[in-house]
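> Coordinates for the following, if possible.
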Amino acid sequence: MAMLHIVNKSPFERNSLESCLLHAKPGATVLLIEDAVVGAAQGTVLSDRIQKALESVKLAVLGADLEARGIAQEKLVDGVNVVDYAGFVDLVTGHDNNQSWL
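Next up is the predicted model:
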């Protein structure tokens, strides 16, 4: 089964998301939580990189963290899924392996 990668740091302050995307194998899921959710917004220097990553991995963001940062779901790169806390738990339990990127 594919791995779940969890990133929680802003991609504008650390390179955790970029490192994760370089290492994630096709079919993996990348979940952005906390400050990392800003990386999935349209119109940033990362938008093209996120769009390209979606060709091989699934990308999800935690909705509560989007809301806390004032980012509307409509402002996300097309193809990024929004999950609630139950969806977060489903992702963790639905993958045999999880990798947190610090």
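> show me the contacts for residue 59.
Contact partners of residue 59, counting by Cβ atoms under 8 Å, 6 or more residues apart in numbering, are 29-32, 40, 50, 53, 77, 79-81. (Glycine included, C-beta is placed from N, CA and C.)
> Mind doing that once more with 6 Å?
30, 80 (Cβ atoms under 6 Å, 6 or more residues apart in numbering).
> Name the helix or strand for it, please.
Using DSSP states H and E, residue 59 sits within strand 58-62.
> The chain: strands as residue ranges?
For the chain, applying DSSP state E gives strands covering 4-7, 29-32, 58-62, 81-83, 98-101.
> Could you list the low-pLDDT ranges of the chain?
Across the chain, the ranges flagged by pLDDT under 70 are 1.
> how about the helices in it?
Per DSSP state H, the chain carries helices over the ranges 16-23, 47-53, 63-68, 85-93.
> To residue 2, which of the ones you listed lies closest?
Closest of the helices of the chain to residue 2 is helix 85-93, at 10.9 Å (criterion: Cβ to Cβ).
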